[in-house]
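# Kindly generate the corresponding structure for this input.
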Amino acid sequence: MSIRVLIADDAVFMRNMIKEVFRPPEFEVIGEASNGIEAVDRYRELKPDITTMDIVMPHKSGIESVREIIKLNKDAKIIMCSALGQESLVMEAIEAGAADFIVKPFKPEKVLEIVRKVINME
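Coordinates of the predicted model:
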């Protein structure tokens, strides 16, 4: 069975770049969100195995979204995507319940390494 992925990022090009990393049959991208409110709604609706979440998004930050998703499911597996220089925000996201983080620009093999590590944390 493939790993079901939700991608939350306000930039279409970034969602597309991340989507390219998650190839069948190992992965299936089941949904996308362009802001924090959508991210929480899509998580609730789709119940993905893993979620990639941008830190800076409109309407609700990635950190606020993580807090809400963790309230829905304390075992949610969320990987934050951050730009260089957002280290303090990354730490806040980890404290809020995110499992790990990826720094943009990222290398596809690094993303897969982190995702596989997080999935196997059970």
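
# List the beta-bridge partners for Ile50.
Val5 (DSSP bridges).

# gap between it and Asp100?
10 Å (C-beta to C-beta, to the nearest Å). Any C-beta I mention is one placed from the backbone N, CA and C, and that applies to glycine too.

# Quick check: neighbours shared by those two?
Applying C-beta atoms under 8 Å, 6 or more residues apart in numbering, one finds that Ile50 and Asp100 are jointly contacted by 79, 118.

# Helices along this protein, start to end?
12-21, 36-46, 62-72, 87-96, 108-119 (DSSP state H).

# With respect to burial, which of these scores highest?
Comparing these by mean neighbour count (mean count of other C-beta atoms under 10 Å), helix 62-72 ranks first with a mean of 21.

# Now do it against helix 36-46, angle only.
30 degrees (axes from the mean of the first three to the mean of the last three C-alpha atoms, to 10 degrees).
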